[in-house]
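1. Need a 3D model of the sequence below.
(one chain, ligands or ions: 3)
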Amino acid sequence: MRRISVLGATGSIGCSTLDLIGRDSGAFRVVALTGGRNIARLADQARRHRAEIAVTAHDECLPDLRAALSGSGIEAAAGQAALIEAADRPADWTMSAIVGIAGLAPGLQALRQGKTLALANKESLVCAGPLLMATARAHGADVLPVDSEHSGIFQALAGQDAGAAERVVITASGGALRDWPQERLAHATVEEAGRHPNWDMGQRITIDSATLFNKAMELIETHEYFGIPPDRIEAVIHPESIVHAIVGFRDGGLLAHLGPADMRHAIGYALHWPARGDVPVERLDFARLGALTFRAPDEGRWPALRLARQVMQAGGLSGAVFNGAKEAALDAFIARRIGFSDMARVVEAAMDALSGSTAVAHNAVPDLENVRRADQLARQAAERSMAALA
Ligand SMILES: NC(=O)C1=CN([C@@H]2O[C@H](COP(=O)(O)OP(=O)(O)OC[C@H]3O[C@@H](n4cnc5c(N)ncnc54)[C@H](OP(=O)(O)O)[C@@H]3O)[C@@H](O)[C@H]2O)C=CC1
Ligand SMILES: CC(=O)[C@@H](O)[C@H](O)COP(=O)(O)O
Ligand SMILES: [Mn+2]
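-> Ligands and ions are numbered 1, 2, ... in the order given. So this is what the prediction gives:
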């Protein structure tokens, strides 16, 4: 029986992961489930999947979690140290699905077990790609990409080294505001930006999809995970979200990954890897789909893509700065402190402010402390830029 832990169990990816595990419960034993503030869901998941331990990231939520688990025999714990301890409990396969840089330290801890980390938390690669991959190598752990595009690239490569790829294309739906006139974007609300045309995901990634910060992060993620040079990585707008990634080879042939907009296909692939297992996603009917369309992204409309190219060029801790500023700007947009179009301005201003900083220019593999420092500096720079907007 494979031992499974899910970090970020109460979120969109966490729920889809547990859905697959629950359909084949005889094959898996659930070790640790972690969540944030959704205590009712975390306790329900822990009971249903007979987890060893349930952990909330927030100390103040512990009394509620204990109450919700009373009589179940399931351990309850809270706080950052408990999250790390949960990630350290022996498991054969761990899903990393906490949102944001908060997922980095638990993911690194899980890698130190030398088993398999299914990586949905793209921020880990954006902020600390070299650290994450070096940690996996040092401990003999496998990192399997779960982001749909990266799962698609991984599958299209079919075990070949990424050096075999002449080009890699990842697709972008264009997000909730794809067809809005550009002058309206500045006035988009949290609700409007948070309605994805195709995927059902958490609020933060859905808004990142509308700014194309999600795609910007995915360009960096492709570079960091596969080691593909930036000039071989492209993003293309594909409103149908059916083709997720395309890998082109030196003979001009291309292999694409297609699937419905249901993350269970990417999660299921990582869960059953290296074999293939049954996954209950809708089967595509091409005659009904009719056409699949593609067009170039407008970098004037979506500056995030240009910023991602700057990050890949600069290397070092610039990814941590980019992500920290983006998280701060997104928090401020959700809190209605800044407008939709301000988010990219704030990130660019923070990147510019820190571009010459010695704390960010880092040539060796950064450690977690360096990454956290760059993240903090970026959040402070973003706050200064937002204060200047007011
Ligand atoms: N959703 C999707 O389809 C896809 C998601 N991803 C990536 O996967 C990750 C998860 O996304 P998604 O599932 O949509 O996100 P959700 O917001 O739906 O879920 C996030 C999870 O993280 C927990 N969490 C939030 N903040 C913290 C924190 N500070 N410390 C510890 N745990 C925390 C939440 O707990 P609670 O809700 O209980 O507060 C929840 O369990 C992201 O990195 C995202 O970019 C990648 C590809 C597709
Ligand atoms: C499902 C998934 O992988 C998301 O990251 C998806 O890519 C979001 O859609 P966008 O193409 O709109 O960014
Ligand atoms: Mn994706």
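2. only C-alpha atoms for contact and neighbour calcs from this point on.
-> OK.
3. Which residues are in contact with residue 84?
-> The contact partners of residue 84, by C-alpha atoms under 8 Å, 6 or more residues apart in numbering, come to 105, 106, 109.
4. do the same with residue 139
-> 111, 112, 113, 114.
5. pLDDT score for it?
-> Looking at residue 139, its pLDDT stands at 98.
6. and if you look at the one 4 residues further on?
-> Among the per-residue scores, residue 143 shows a pLDDT of 98.
7. can you pull the contacts of residue 182?
-> residue 301.
8. Against residue 386, how distant is it?
-> 22 Å (C-alpha to C-alpha, to the nearest Å).
9. So in terms of bridging, what pairs with the residue in the chain positioned nearest to ligand 2?
-> Residue nearest to ligand 2 within the chain (C-alpha to the nearest ligand atom): residue 172, separated by 3.4 Å. Beta-bridge pairing of residue 172 under DSSP bridges involves residue 237.
10. Let me know how buried it is, in neighbour terms.
-> Number of residues near residue 172 (other C-alpha atoms under 10 Å) recorded here: 27.
11. Kindly indicate the member of the contacts of residue 84 with the most neighbours.
-> Busiest of these [other C-alpha under 10 Å] is residue 106, holding 22 neighbours.
12. How about that one, nearest residue that isn't a chain neighbour?
-> residue 84 (5.1 Å; C-alpha to C-alpha, 6 or more residues apart in numbering).
13. before we move on, which element is the one you found in?
-> helix 80-88 (DSSP states H and E).
14. Buried residues in that helix, which are they?
-> Neighbour counts using 16 or more other C-alpha atoms under 10 Å place 80, 82, 83, 84, 85, 86, 87, 88 of helix 80-88 among the buried residues.
15. what's the answer for stretch 43-59, then?
-> Under 16+ other C-alpha under 10 Å, the buried positions of stretch 43-59 are 43, 45-47, 49-58.
16. follow-up on the earlier one: the helix holding residue 84 close to ligand 1?
-> No. Legend: contact between helix 80-88 and ligand 1 by C-alpha under 6 Å from any ligand atom is lacking; minimum distance shown is 7.6 Å.
17. Now tell me what touches stretch 198-206 from outside.
-> 11-13, 173, 175, 193-196, 214, 240-241, 261-262, 330.
18. Need the max-distance pair from those.
-> Distances among the contacts of stretch 198-206 were taken as C-alpha to C-alpha; the most separated pair is 240 and 330, at 25.5 Å.
19. ok, the two, which is more surrounded?
-> More crowded of residue 240 and residue 330, by other C-alpha under 10 Å: residue 330, with 26 against 20.
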